[in-house]
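>>> how does the following fold in three dimensions:
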Amino acid sequence: MREKVAVLFVCMGNICRSPTAEGVFRRRVEAAGLSAHIEIDSAGTHGYHVGEPPDARSMEFAAKRGYDLSAQRSRKVRASDFEEFDHVLAMDSHNLQLLKAACPPEHQHKLGLFMQHARQSGVLEVPDPYYGGGRGFDLVLDYIEDASDGLIGLLQTGTRPV
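Reported below is the predicted structural model:
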């Protein structure tokens, strides 16, 4: 692993999926003893909720699994993010397309779908739980935990798990 790797998780409003990914990934990185090597943040492609904490349901369901999202605040993706982060990972293809449209050509290789790192889920997108019930927030956590473990494996070894 390089000395420091920066990972940015991105969804639409940065109040449900991407802050959950930030919180889960941060905790798993800490458990793996890699905190000194991995910088983690999240952002949204839209500025609907800038400065707001994550959705209360995201925080509630994350807390049930031991993840604390309460210190996070929503922000919009900045042009500088494409240069500063090594991995800019979207929660779904729509947000990935928005990132591709905003990203300079020399940084396009940093863009991808977070779920491409999943080992077990078999899906490529983290569904938006915003308009659904509690099961949607649990499903998001299941997917994010899976993809987080795969991404940590990639960052440790430089290869994707089969």
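
>>> whichever helix in the chain runs longest - contacts with which helices or strands?
In the chain, taking DSSP state H as the definition, the longest helix is helix 134-157. If contacts are counted by 3 or more CB pairs under 8 Å, 6 or more residues apart in numbering; DSSP states H and E, helix 134-157 sits against helix 17-31, helix 56-64. Where you see a C-beta, it was placed from the backbone N, CA and C, and this is true even at glycine.

>>> any low-confidence regions in this protein?
Within the chain, the stretches with pLDDT under 70 are 1-2, 159-162.

>>> at 80 what do you get?
For the chain, applying pLDDT under 80 flags the ranges 1-3, 158-162.

>>> ok, which of the helices and strands packed on helix 134-157 comes nearest Q156?
In terms of CB to CB, the element of the helices and strands packed on helix 134-157 nearest to Q156 is helix 17-31, at 10.3 Å.

>>> the closest one: which residues count as buried?
With burial defined by 16 or more other CB atoms under 10 Å, the residues of helix 17-31 counted as buried are 17-29.

>>> can you add distance to V126 and give the helices and strands packed on helix 134-157 back as a markdown table?
Formatted as a markdown table, those follow (distance: least, CB to CB, whole Å):
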| stretch | distance to V126 |
| --- | --- |
| helix 17-31 | 5 |
| helix 56-64 | 12 |
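
>>> neighbours of S74, just the number please.
23 (other CB atoms under 10 Å).

>>> the one 10 residues further on now?
The criterion is other CB under 10 Å. On that basis, E84 has 14 neighbouring residues.

>>> from the buried residues of helix 17-31, which single one is nearest A102?
When those are ranked by distance to A102 (CB to CB), S18 comes first, at 15.6 Å.

>>> residues contacting the residue nearest to V77 when sequence neighbours are not counted?
Nearest non-adjacent residue to V77, counting by CB to CB, 6 or more residues apart in numbering: A43, 4.5 Å away. By CB atoms under 8 Å, 6 or more residues apart in numbering, the residues touching A43 are L8, F9, V10, N14, S18, S74, R75, K76, V77, R78, D81.

>>> identify those among those that sit within helices.
Using DSSP H, S18, D81 are the members of the contacts of A43 that sit in helices.

>>> rebuild the contacts of A43 as a markdown table, extending it with distance to L98.
Formatted as a markdown table, the contacts of A43 follow (distance: CB to CB, whole Å):
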| residue | distance to L98 |
| --- | --- |
| L8 | 14 |
| F9 | 14 |
| V10 | 9 |
| N14 | 13 |
| S18 | 13 |
| S74 | 16 |
| R75 | 15 |
| K76 | 11 |
| V77 | 8 |
| R78 | 14 |
| D81 | 13 |
